[in-house]
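> sequence and predicted structure are below.
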Amino acid sequence: AQSVSQHNHHVILSEAASLELGCNYSYGGTVNLFWYVQYPGQHLQLLLKYFSGDPLVKGIKGFEAEFIKSKFSFNLRKPSVQWSDTAEYFCAVGDSGGGADGLTFGKGTHLIIQP
Amino acid sequence: GAVVSQHPSRVICKSGTSVKIECRSLDFQATTMFWYRQFPKKSLMLMATSNEGSKATYEQGVEKDKFLINHASLTLSTLTVTSAHPEDSSFYICSARGRLRGYEQYFGPGTRLTVT
């Protein structure tokens, strides 16, 4: 069975600080990896995804993530955060078989950016 | 991106009654729809997967007789919580995936169910 672990449940940063949110997964096979963001009162939105190829993935709003297979990690980064990045961030893993499997989510990281 | 809607956004019902939640893909054909449950301050938990025209596949520990899922068309899936109890109060989120969308899941805005 898949599992996803997000290391930080709450992160508070000042604007312009750099961000790194940790995500580790466990799964015996090949996986697809995702980061989703949920802004207050809004639905989940995809930030970025990794299926194959370049392990450094660039997403929307200046976010990027690096897949390190040997560490089973897919950490999310942003060099300079903004107040509008305040949200809940979820790492998720899916079976790369492209079949019918749903996603397994981490517990989320609540990010607060202080002006 | 693709749009997925859910209706209602909030519902309050009494114990013992049934509630139906709709999930619609508005601009693409969803061959697969997923239902998740999100507990307060916790992650989303996959409840079931439904493919259009076939029976839903439920995750371990999810009662199929309590959470009835129907995926009658390529744009609509419904989740019916039968004989609801206060412990069923939660945030229910659906997602949809279609072949032409590269198997990416698009999430609905969620439905807040409160059972009194």
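Perfect, thanks for sending it.

> let me see the contact set for the nearest residue to residue A:26 once chain neighbours are set aside.
Distances taken as C-beta to C-beta, 6 or more residues apart in numbering or on different chains place residue A:3 nearest to residue A:26, at 4.9 Å, with adjacent residues excluded. C-betas here are computed from N, CA, C, even on glycine. Applying C-beta atoms under 8 Å, 6 or more residues apart in numbering or on different chains, we find residue A:3 in contact with A:25, A:26, A:27, A:104.

> want to throw the residues you listed into TSV with neighbour count and secondary structure?
Output for the contacts of residue A:3, formatted as TSV (neighbours: other C-beta atoms under 10 Å in any protein chain shown; DSSP: H, G, I helix; E, B strand; the rest coil):
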residue	neighbour count	secondary structure
A:25	19	strand
A:26	13	strand
A:27	17	coil
A:104	22	strand
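
> which of the residues you listed scores worst on pLDDT?
Lowest-confidence member of those: residue A:27, scoring 80 (pLDDT).

> quick revisit: how about the contacts of residue A:3 in CSV, adding distance to residue A:16?
Below are the contacts of residue A:3 laid out as CSV (distance: C-beta to C-beta, whole Å):
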residue, distance to residue A:16
A:25, 30
A:26, 34
A:27, 36
A:104, 33
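
> how about the residues of chain A by chain B?
Neighbours of chain B within chain A, by C-beta under 8 Å from any C-beta of the partner chain: A:4, A:36, A:42-46, A:49, A:90, A:94, A:98, A:100-108.

> emit the PyMOL select command for whichever of those are buried.
Only the buried entries of the residues of chain A next to chain B go into this PyMOL selection, using 16 or more other C-beta atoms under 10 Å in any protein chain shown:
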select buried, chain A and resi 4+36+43+44+45+46+49+90+94+100+101+102+103+104+105+106+107+108
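
> so who does the closest residue in space to residue A:31 that isn't next to it in sequence touch?
In this structure, residue A:31 finds its nearest non-sequential neighbour in residue A:93, 4.9 Å apart by C-beta to C-beta, 6+ apart. The contact partners of residue A:93, taken as C-beta under 8 Å, 6+ apart, are A:2, A:4, A:25, A:27, A:31, A:32, A:33, A:34, A:103, A:104.
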